[in-house]
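Asker: give the three-dimensional model of this entry:
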Amino acid sequence: MSPAGQENVATVTRDTSHAEYLTLTDDEVARASDQFVESLVPEKIEALASRYHGGRKCRIVDQARGSYNACFFVKFDDEEIRVVRIPIAPALYKPWQALLSEVATLDTVKAHFFRTLLRYLAEMWVLELPAIGSLVPSDDASGPVLGDLLTQSLNDARRDLPSFVSARAYVDSQFDLISEYLLSPRHDFSEDDVRYDIFCITSMKPYFDTAIKPEFDNGPFVLSHPDTRPSNIIVNEKMDIVGIIDWQFASSVPRQLCTPPSWITGHTWTNHAKVFLAQLGVATALDDQLPEELRREWRTPSSPSFHVAHIIRRPADLHHVFENYPAKEKDAKQLEECEARLFRDPKLVSQARLIAERNLQYTEYLKSQGRYSKSS
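Answerer: Here you go, the predicted model:
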């Protein structure tokens, strides 16, 4: 107690100099930040984005800002959208250091996430099963057993397939299923569209034929989750993976077709493929706990087996895979010549015409039943 009978109170006052008063007030920082953002020249932002994307033309389509950064959304001539984020200098004490720290932090978090994801996938990659099929409950307490194949493609086609003990037979069955899917009745689908489908699936046939090496025809077969898209991966605040959901179409597959997620390999979300592939490469190279065979096979995500695995999972992406991989090896004239050469076969010409006629009949049928929809 003080002599006056009162407790000592900590003081918040201290000696100050007039220099301290030069610090901007919160209101002044806010005004300076507004002025800074207003001074940014849209044309220069577009030029900056263009310079870092091979000189491609772009335009600002939207913008947003927070307390410390202004974001400009730019769309390029191929419809790709990127974000140019500019630190608001008046609001940041050390803007460059803050940016470098954020980049380093995100690199660390991403590397950690990809290493964790790879270890999850590696656990399935080494989980061998006696055949290709889907797990079902057993009649006793012995645990799940392999049953008939259940996949998203089979579900959508309303088809049944048994289990397989031959990887080659499995791949052949999937090629037939994809062919049937592409040539099934579709409304507003012309003869030119049908011919292009036939050209794509015929061009991809060699990839299916070489996806399985003869010595691996009888296995190993491993468990595979067909849809590890980001929305099916649950993480905590530290980006640790705490679970993966959506297992209803999981099955065993030939090990050559147990691949990283398509959004990592570039078979979907191609705008970000280079970033994801780089992270995959770093994580695979640094993690010596991964099986050596996995590390070796997953270093080349452009291999035929990766293309085949993605098309089996998503037949509707056949055009995308063909156009972004095999077709890239030829110019437009060469592709036209290949397609023309294919349709010198009168049987294929007749098949395309018959399918197109059936599509026309199907379109008219839907209209007559009140079921036609241009967008469906």
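
Asker: helix or strand right after the helix-or-strand element of the chain with minimal mean pLDDT?
Answerer: Using mean pLDDT, DSSP states H and E, helix 273-286 stands out as the lowest-scoring helix or strand of the chain, at a mean of 64. Along the chain past helix 273-286, the next helix or strand (assigned with DSSP states H and E) turns out to be helix 292-297.

Asker: how about that next one: buried residues?
Answerer: Within helix 292-297, the residues that qualify as buried are Leu294, Glu297, counting by 16 or more other C-beta atoms under 10 Å. Quick note: C-beta positions are derived from backbone N, CA and C, even for glycine.

Asker: so where's the stretch 251-376 of the chain shaky on pLDDT?
Answerer: For the stretch 251-376 of the chain, applying pLDDT under 70 flags the ranges 269-289, 299-302, 375-376.

Asker: you'd agree Ala91 is up against Tyr68?
Answerer: Yes: using C-beta atoms under 8 Å as the test, Ala91 is close enough to Tyr68 to be in contact (5.1 Å).

Asker: the two: which has the busier surroundings?
Answerer: Neighbour totals were compared for Ala91 and Tyr68, and Ala91 leads with 18 against 15 (other C-beta atoms under 10 Å).

Asker: quick one: residues contacting that one.
Answerer: Contacts for Ala91 were tallied using C-beta atoms under 8 Å, 6 or more residues apart in numbering; they are Val29, Ala32, Ser33, Ser67, Tyr68.

Asker: next one: Val242
Answerer: Neighbour list for Val242: Ile234, Val235, Asn236 [criterion: C-beta under 8 Å, 6+ apart].

Asker: just the endpoints, please. Distance across stretch 243-262?
Answerer: Counting by C-alpha to C-alpha, to the nearest Å, the length from the leading to the trailing residue of stretch 243-262 is 19 Å.

Asker: any buried residues in it, and which?
Answerer: Buried residues in stretch 243-262, counting neighbours by 16+ other C-beta under 10 Å, are found at 244, 249-262.

Asker: Leu335: what's its closest spatial neighbour, skipping adjacent residues?
Answerer: Beyond its immediate neighbours in the sequence, the residue positioned closest to Leu335 (C-beta to C-beta, 6 or more residues apart in numbering) is Ala327, lying 6.0 Å away.

Asker: do you know how far that neighbour is from Cys338?
Answerer: Ala327 sits at a distance of 9 Å from Cys338 (criterion: C-beta to C-beta, to the nearest Å).

Asker: over to Tyr68?
Answerer: Summarising the geometry, the distance separating Tyr68 from Cys338, computed by C-beta to C-beta, is 54 Å.

Asker: go on, Pro185?
Answerer: Pro185 sits 27 Å away from Cys338, going by C-beta to C-beta.

Asker: helix/strand/coil for the most centrally placed residue in the chain?
Answerer: The geometric centre of the chain, computed from its C-alpha atoms, lies nearest to Trp263 (C-alpha atoms, centre = their mean), at 1.8 Å. When classified by DSSP: H, G, I helix; E, B strand; the rest coil, Trp263 comes out as helix.

Asker: list only buried entries from the contacts of Ala91.
Answerer: Those of these that meet the buried threshold are Ser33, by 16+ other C-beta under 10 Å.

Asker: name the surrounding residues that touch the helix or strand containing Gln334.
Answerer: Following DSSP H and E, the helix or strand that holds Gln334 is helix 332-342. Outside helix 332-342, the residues that touch it by C-beta under 8 Å, 6+ apart are Arg195, Tyr196, Ile198, Phe199, Thr202, Ser203, Ala327, Lys330, Leu348.

Asker: where along the stretch 101-250 of the chain do the helices fall?
Answerer: In order along the chain, the stretch 101-250 of the chain carries the following helices (DSSP state H, counting those that start in this stretch): 152-157, 167-182, 191-210.

Asker: reformat those helices as JSON lines; add distance to Ile311 and mean neighbour count.
Answerer: Conversion of the helices of the stretch 101-250 of the chain to JSON lines gives the following (distance: least, C-beta to C-beta, whole Å; neighbours: other C-beta atoms under 10 Å):
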{"stretch": "helix 152-157", "distance to Ile311": "10", "mean neighbour count": "16"}
{"stretch": "helix 167-182", "distance to Ile311": "6", "mean neighbour count": "19"}
{"stretch": "helix 191-210", "distance to Ile311": "7", "mean neighbour count": "17"}
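
Asker: looking at those helices, which is nearest to Thr228?
Answerer: Closest approach to Thr228 among the helices of the stretch 101-250 of the chain (C-beta to C-beta): helix 152-157, 13.2 Å.

Asker: ok, Pro144 - contacts?
Answerer: For Pro144, the residues meeting the contact criterion (C-beta under 8 Å, 6+ apart) are Leu135, Val136, Pro137, Ser138.

Asker: please repeat the previous calculation with a cut-off of 10 Å.
Answerer: When contacts are counted by C-beta atoms under 10 Å, 6 or more residues apart in numbering, Pro144 touches Leu129, Ser134, Leu135, Val136, Pro137, Ser138.

Asker: before we move on, what about Val308?
Answerer: 171, 174-175, 178, 204, 207-212, 254, 256-257, 259, 321.

Asker: give me that answer again for 6 Å
Answerer: The contact partners of Val308, by C-beta atoms under 6 Å, 6 or more residues apart in numbering, come to Tyr207, Phe208, Ala211.
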